[in-house]
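> Build the 3D model from these lines:
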Amino acid sequence: MSKRNGKRQDVNNKLEQILALAESINEKVDLQNTEIEELRRQVAATNKLVDEMARKHRKQAFTAGLAGGGLGGALIATGFELMRMRFGG
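Take a look at the predicted model:
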């Protein structure tokens, strides 16, 4: 019976080692999952900031384009008027 008990003890020791390794792996996986969740939150926050910046710049570009277009149009109209006056049209 002692041979059988010795084998059983060896099996139990190996199972304990496997269990300890599995627990270590589980801890590492849990840590990685926590880090992944933090990265996802950071990416979501960054995307939100980029969207806000894009919205703000679209408004600014529209306003600048509108002002620039109006100013450019006024200069061209003034130029045409000056040419008409100069050439007698």
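> show me where this protein has helices.
2-87 (DSSP state H).
> in it, what spans have low per-residue confidence?
Per-residue confidence for the chain (pLDDT under 70) gives these ranges: 1, 61-62, 64-68, 70-71, 89.
> And the residue most central in space within the chain, how close does it get to residue 49?
In the chain, the C-alpha nearest the mean C-alpha coordinate belongs to residue 43, at 3.5 Å (CA atoms, centre = their mean). Remark: distance between residue 43 and residue 49 (CB to CB, to the nearest Å) = 11 Å. Placement of C-beta: from N, CA and C, glycine included.
> Centre of the chain to stretch 17-27, how far?
The chain centre lies 34 Å from the centre of stretch 17-27; the measure is CA atoms, centre = their mean, to the nearest Å.
> If you could redo that for stretch 22-37, that was the one I meant.
Averaged C-alpha coordinates place stretch 22-37 at 23 Å from its chain's average position (CA atoms, centre = their mean).
> Need the CA coordinates for it. PDB is fine.
Coordinates of each C-alpha in stretch 22-37 appear next as PDB, following Å, rounded to 0.1, in the frame of the first residue of the first chain:
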ATOM      1  CA  ALA A  22      -3.300  28.100 -13.100                       C
ATOM      2  CA  GLU A  23      -3.900  30.700 -10.200                       C
ATOM      3  CA  SER A  24      -0.800  32.600 -11.300                       C
ATOM      4  CA  ILE A  25      -2.100  32.700 -14.900                       C
ATOM      5  CA  ASN A  26      -5.500  33.800 -13.800                       C
ATOM      6  CA  GLU A  27      -4.000  36.700 -11.800                       C
ATOM      7  CA  LYS A  28      -2.000  37.800 -14.900                       C
ATOM      8  CA  VAL A  29      -5.100  37.500 -17.100                       C
ATOM      9  CA  ASP A  30      -7.100  39.600 -14.600                       C
ATOM     10  CA  LEU A  31      -4.400  42.300 -14.600                       C
ATOM     11  CA  GLN A  32      -4.400  42.300 -18.400                       C
ATOM     12  CA  ASN A  33      -8.200  42.600 -18.500                       C
ATOM     13  CA  THR A  34      -8.000  45.600 -16.100                       C
ATOM     14  CA  GLU A  35      -5.400  47.300 -18.300                       C
ATOM     15  CA  ILE A  36      -7.400  46.600 -21.500                       C
ATOM     16  CA  GLU A  37     -10.500  48.200 -19.900                       C
END
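> With that, I have no additional questions.
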